[in-house]
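Trainee: No sequence on hand, only this structure:
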């Protein structure tokens with residue numbers, strides 16, 4: 001079965017790339033401020049492990065709010081970095097590319113902590129899987145790390161620290177700001193797995 005991974009360049013998706021070694025990786029520049037760093041991190045890991053890499057450029061920045069587009073947070077936003085239906089959008093865009101590439105299964109980097117958002121829950125993943133299987137192409141969606149923490153998936157994948165260092169988690173910029181939810185997660189994960197950021 002031909003597989004693809006929605007690869008953001010963050011710790012979770014890099015670890016899944018290393019662990020599951022999909023045939024193809026798809027990175028989406030959808031107008032987020034850290035897109036260039038995410039694409040560099042994704043390209044580096046794909047080159048390292050020999051994964052075919054595709055980058056989609058679709059500017060949706062006018063739809064986002066908060067940290068990821070450096071705009072005023074939407075009043076309905078549950079967090080400082082909110083794009084309504086973002087995961088649904090990204091899965092749909094990646095699925096569209098998958099069909100043309102002959103992919104049967106799309107892996108996504110959802111982990112346990114993503115369950116604080118509806119689109120990071122097992123129910124959401126099951127519904128997206130059901131929806132895409134129903135449509136032309138019959139594409140499957142799977143979140144292989146949905147029951148694991150970021151530290152757990154890094155351990156499970158045996159991702160080397162040197163490769164983990166390529167991950168980009170900042171929500172605000174192409175260099176870490178150390179003042180956003182993504183940078184905080186990066187720092188906390190390094191502490192949990194016993195690595196030094198210095």
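Mentor: Thanks, I have it. Just so it is clear, the structure is predicted and the values come from calculations on it, not from any experiment.

Trainee: any chance you could map the helices in the protein?
Mentor: According to DSSP state H, the chain carries its helices in the segments 11-20, 35-49, 86-101, 122-134, 150-157, 161-164, 181-192.

Trainee: Name the residues that touch the fourth one?
Mentor: Counting by C-beta atoms under 8 Å, 6 or more residues apart in numbering, the neighbours of helix 122-134 from elsewhere in the structure are 87-88, 91, 95, 106, 108, 110, 115, 118, 138-143, 146. Yep, even glycine has a C-beta here, placed from its N, CA and C like the rest.

Trainee: Can you tell me which of these is closest to residue 12?
Mentor: Residue 12 has its nearest neighbour among these in residue 110, at 7.7 Å by C-beta to C-beta.

Trainee: Could you tell me the backbone phi and psi angles at that closest one?
Mentor: phi -70, psi 130 (degrees, to the nearest 10).

Trainee: show me what contacts the closest residue to it other than its chain neighbours?
Mentor: Closest residue in space to residue 110, ignoring its immediate chain neighbours: residue 143 at 4.0 Å, by C-beta to C-beta, 6 or more residues apart in numbering. By C-beta under 8 Å, 6+ apart, the contact set of residue 143 is 107-110, 122, 125.

Trainee: Low-confidence stretches in this protein?
Mentor: 65-74, 77-83, 198 (pLDDT under 70).

Trainee: For residue 179, which residues are in contact?
Mentor: Residue 179 neighbours (C-beta under 8 Å, 6+ apart): residue 172.

Trainee: isn't residue 39 right next to residue 28, touching?
Mentor: No - checked against C-beta atoms under 8 Å, the pair residue 39 and residue 28 is beyond contact range at 9.3 Å.

Trainee: Mutual contacts of these two, please.
Mentor: residue 55.

Trainee: more neighbours, the two?
Mentor: Looking at residue 39 and residue 28 with other C-beta atoms under 10 Å, you find the greater number of neighbours at residue 28, namely 25 against 21.

Trainee: Now the more buried one: closest residue in space, sequence neighbours ignored.
Mentor: Spatial nearest neighbour of residue 28, excluding adjacent residues (C-beta to C-beta, 6+ apart): residue 56 at 4.7 Å.

Trainee: okay, now the one you found: neighbour count?
Mentor: So residue 56, with other C-beta under 10 Å, has 14 neighbours.

Trainee: Residue 36 too?
Mentor: Neighbours around residue 36, by other C-beta under 10 Å: 14.

Trainee: Tell me who's in contact with the residue nearest to it when sequence neighbours are not counted.
Mentor: Of all residues not flanking residue 36 in the chain, residue 174 sits nearest, at 4.8 Å (C-beta to C-beta, 6+ apart). Residues in contact with residue 174 (C-beta under 8 Å, 6+ apart) are 33-37, 168.

Trainee: For ChimeraX, what selects the buried ones among those residues?
Mentor: Entered in ChimeraX, the line below selects the buried ones among the contacts of residue 174, by 16 or more other C-beta atoms under 10 Å:
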select :33,34,35,37,168
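
Trainee: So which of the contacts of residue 174 is the closest to residue 188?
Mentor: Nearest to residue 188 among the contacts of residue 174 is residue 168, at 15.9 Å by C-beta to C-beta.
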